[in-house]
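Peer 1: Just need the structure, nothing else, for what follows:
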Amino acid sequence: MKLVWILFLLLLMPIVFADTADLDGSLSSEDKAKFDQILEPVMKIYNFVKYISSVVAAIFLLYAGITYMTSGGDPKQRDQAKSIAGYVVIGLMIIWAAPIIVGVLV
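Peer 2: All right, here's what the predicted structure looks like:
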């Protein structure tokens, strides 16, 4: 059932956005200034979240390293530490690359 809803939304979204989009592609300098004014606090929030998540990620990397070193002969703890470190690195790559990805898509 969830798959049906997801497919429905994916098929419906282009219709909704095409109806509301201005297709001439030109922005006046006044519109660009308004957009930049709206975007400024959003970017401040994004930067705050990015740096806080980087600090949290460093703490989790430290935890994963300590867990890996103290695992001894327990392969379960060693695998858990490896997976934590992998997920932290993937998360950091996504957070730091988000503006680049959005810039490419837009």
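
Peer 1: Report how many residues lie close to Leu61.
Peer 2: Neighbouring residues of Leu61 were enumerated by other C-beta atoms under 10 Å; the total is 16. For the C-beta atoms, the positions are set from N, CA and C on the backbone; glycine is no exception.

Peer 1: Assign Ala33 to one of the three secondary structure states.
Peer 2: Following DSSP: H, G, I helix; E, B strand; the rest coil, the label given to Ala33 is helix.

Peer 1: do you know how far it is from Glu40?
Peer 2: For Ala33, the distance to Glu40 (C-beta to C-beta, to the nearest Å) stands at 11 Å.

Peer 1: Tell me the secondary structure of the residue of the chain positioned farthest from its centre, please.
Peer 2: Distance from the C-alpha centroid of the chain peaks at Gly73, with 35.8 Å (C-alpha atoms, centre = their mean). Using three-state DSSP, the structure places Gly73 in coil.

Peer 1: Would you mind giving me the confidence score for it?
Peer 2: We have a pLDDT of 84 for Gly73.

Peer 1: In contact with it: list those residues for me.
Peer 2: Gly73 makes no contacts at all, as judged by C-beta atoms under 8 Å, 6 or more residues apart in numbering.

Peer 1: quick one, phi/psi of it?
Peer 2: Gly73 adopts backbone torsions of phi -100, psi 10, taken as degrees, to the nearest 10.

Peer 1: going forward can the numbers begin at 53, since that is how I track them
Peer 2: Fine by me, first position is 53 from now on; the one you just mentioned is Gly125.

Peer 1: could you point out where this structure is predicted with low confidence?
Peer 2: 53-57, 59-77 (pLDDT under 70).

Peer 1: switch to 80 and redo it
Peer 2: 53-79, 158 (pLDDT under 80).

Peer 1: what are the ranges of the helices in it?
Peer 2: Applying DSSP state H to the chain gives helices spanning 54-72, 81-121, 127-157.
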